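Asks: Fold the following for me, if possible:
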Amino acid sequence: MEPQELLTVVKENTDNPLKLLLETLNFYKNDEGFTQDLLTPGFLKEWMVSKILNHECHKTKHGADATSLDGEEYYEYLSCKEGGSFQLDRIHEGNLHRITRNNKFYFALYNKNNSLECIKIYEADTDVVLEEANKKISKMSKSSNHIGFTLTWVKENCRIVYSI
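Replies: Predicted coordinates:
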């Protein structure tokens, strides 16, 4: 069934299509074993990226965003729409373990006109991300705990592993 067909069925069978669609997605999330709120920032995109890359998305939102299927490797996902930058939030010298705990980083670029369409995914080694993070941390104010990675930086320092 295509999305438009499903929407037609939903609209014919409820006065509140949005509620029914979100509740259905929430049931699916629970069936898949996730414990975090469906609307946790970044969760849906992380889940989508894990499906594209054949990774296991983290079920609780604590720790790395995903692991290899055997659970031996840890991955962090950063995403943005075309024209944006990839953000690593709440990072400072005292919690660089949020970078170093990962075996790889993935930068997922989404279509600016269709935020559900992942158009490219880049892969980076952790040491490359850590080096850039340390450079940015040394220059940022004490009140800022966000590091941005531009698409230009990603293109220069990462490998494309997915493209539509």
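
Asks: Can you pull the phi and psi angles for the residue nearest the centre of the chain?
Replies: For the chain, Glu46 is the residue whose C-alpha lies nearest the centre (Cα atoms, centre = their mean; 3.4 Å). Note on Glu46: its backbone torsions stand at phi -60, psi -40 [degrees, to the nearest 10].

Asks: and it, what does it touch?
Replies: Contact partners of Glu46, counting by Cβ atoms under 8 Å, 6 or more residues apart in numbering, are 57-58, 65-66, 77, 79. For glycine as for every other residue, the C-beta is placed from the backbone atoms N, C-alpha and C.

Asks: try Val49
Replies: 55, 65-66, 77, 79, 106, 108, 118, 121.

Asks: Would you convert the residues you listed into CSV that also reports neighbour count, pLDDT and distance to Ile164?
Replies: Putting the contacts of Val49 into CSV (neighbours: other Cβ atoms under 10 Å; pLDDT from 0 to 100; distance: Cβ to Cβ, whole Å) gives the following:
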residue, neighbour count, pLDDT, distance to Ile164
His55, 22, 98, 18
Asp65, 24, 95, 21
Ala66, 25, 97, 20
Tyr77, 26, 97, 17
Ser79, 21, 97, 15
Tyr106, 26, 98, 15
Ala108, 21, 98, 12
Cys118, 21, 98, 8
Ile121, 21, 98, 10
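
Asks: Identify, from the contacts of Glu46, the entry nearest to Glu93.
Replies: Asp65 (21.8 Å; Cβ to Cβ).

Asks: Skipping adjacent residues, who's closest to the closest one in space?
Replies: Nearest residue to Asp65, sequence neighbours excluded (Cβ to Cβ, 6 or more residues apart in numbering): Tyr77, at 4.4 Å.

Asks: again, but for Ser163
Replies: Nearest to Ser163 is Lys120, by Cβ to Cβ, 6+ apart, at 4.9 Å.

Asks: residue ranges with poor pLDDT in this structure?
Replies: 143 (pLDDT under 70).

Asks: all helices for it, in order.
Replies: 3-13, 17-31, 43-53, 97-100, 126-139, 151-157 (DSSP state H).

Asks: out of those helices, deepest packed?
Replies: helix 43-53 (a mean of 18; mean count of other Cβ atoms under 10 Å).

Asks: any idea of the angle that one forms with helix 17-31?
Replies: 60 degrees (axes from the mean of the first three to the mean of the last three Cα atoms, to 10 degrees).

Asks: Off-centre distance for helix 43-53?
Replies: 6 Å (Cα atoms, centre = their mean, to the nearest Å).
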